[in-house]
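Peer 1: Need coordinates for the following:
(2 chains)
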Amino acid sequence: MNRYFSTIPWLLQRISGAVLVVLLAVHFWVGHYADWGEPITFAGVQMRLQSTVFITIDLILLMLVVFHGLNGVRNIILDYPAFLPHNRPISLILFIIGIATVIFGIYALYPFITGGG
Amino acid sequence: MSLKDSQLKILLRTILNSDEPGTLAYVFHRLTGIILAGYLFLHIWTISSSTISPAAFDMKLGAFSRPLFLVLDVALLAAASFHALNGVRIIFFDTGIGIKRQKLGFILAIVLTVIIALLAAKLLVPVIFGEG
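Peer 2: Purely as a prediction, here's the structure:
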């Protein structure tokens, strides 16, 4: 344990991880396996995203997975003592990447909700 | 014996012989984590073809029903399964449950991952060897 250790990211990593186990099981089944081998189509995804439940699940999934992934990357970087003094700028850069990725993800989902074209 | 076989044997022996397979679990967790994080960005990038046009999305996603990508999809599921199961193992230890059963937890995570991967890989049989 070192003085850079903080409890809140550690706890959020566990909580997001636990939720992701459930949500990703659903996501893998619906998105990758239910229609195994069939091409994924815009119309198909659009139909699924007519449901507010799926939009909500996808948005929660996006935010949790981006947080969990980038916080994981942060943990790996800060495992190297050389990077520890640069904790602040590293965390800030990863935070900005995370926000940008979530915004980009919502931008990518938006055409399915509005109908595209 | 091929190099791959002997490496696999060394790996299996390391898992079964070590009293605390924590290092291996740590390495696997980290490797699968990096793979999954990398995939996440590719995944969002692919989906974003939706912003060009529905046709562009269909063309891009259509490529992913090719056998190569279906094989990669099963590999992805295996990586995600191990990461999830070992993650549950970590959460249990953090809450003080099963700390004396670390090896059992790791073997359980590996066995369940293999079962999930094999069930998914069964779907590949008709894809690779032609529809029967």
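
Peer 1: what does chain B put close to chain A?
Peer 2: Within chain B, the positions near chain A by Cβ under 8 Å from any Cβ of the partner chain are B:30, B:33-34, B:36-37, B:40-41, B:44, B:47-48, B:50-51, B:53-55, B:57-58, B:61-62, B:64-65, B:70, B:73, B:77, B:80, B:84, B:87-88, B:90-91, B:94, B:120, B:123, B:127. All C-beta atoms are positioned from the backbone trio N, CA, C, and that covers glycine.

Peer 1: Now a ChimeraX select for only the buried ones of the residues you listed.
Peer 2: The buried subset of the residues of chain B next to chain A, as determined by 16 or more other Cβ atoms under 10 Å in any protein chain shown, is captured in ChimeraX by this line:
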select /B:33,36,37,40,44,47,48,50,54,57,58,61,65,70,73,77,80,84,87,88,90,91,120,127
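
Peer 1: A:Gly44: what's its closest spatial neighbour, skipping adjacent residues?
Peer 2: What sits nearest to A:Gly44 in space, not counting adjacent residues and going by Cβ to Cβ, 6 or more residues apart in numbering or on different chains, is A:Asp35, at 7.7 Å.

Peer 1: any idea of the pLDDT on the one you found?
Peer 2: Predicted confidence (pLDDT) for A:Asp35: 82.

Peer 1: sec struct for it, please.
Peer 2: Here A:Asp35 is recorded as coil under DSSP: H, G, I helix; E, B strand; the rest coil.

Peer 1: Please report phi then psi for A:Ala34.
Peer 2: Note on A:Ala34: its backbone torsions stand at phi -60, psi -40 [degrees, to the nearest 10].

Peer 1: quick one: low-confidence ranges for chain A?
Peer 2: A:1-5, A:116-117 (pLDDT under 70).

Peer 1: Which residues does stretch B:79-94 contact?
Peer 2: A:14, A:17-18, A:20-21, A:24-25, A:28, B:25, B:28-29, B:32-33, B:35-36, B:98-99, B:102, B:105-106, B:108-110, B:112-113, B:116-117 (Cβ atoms under 8 Å, 6 or more residues apart in numbering or on different chains).
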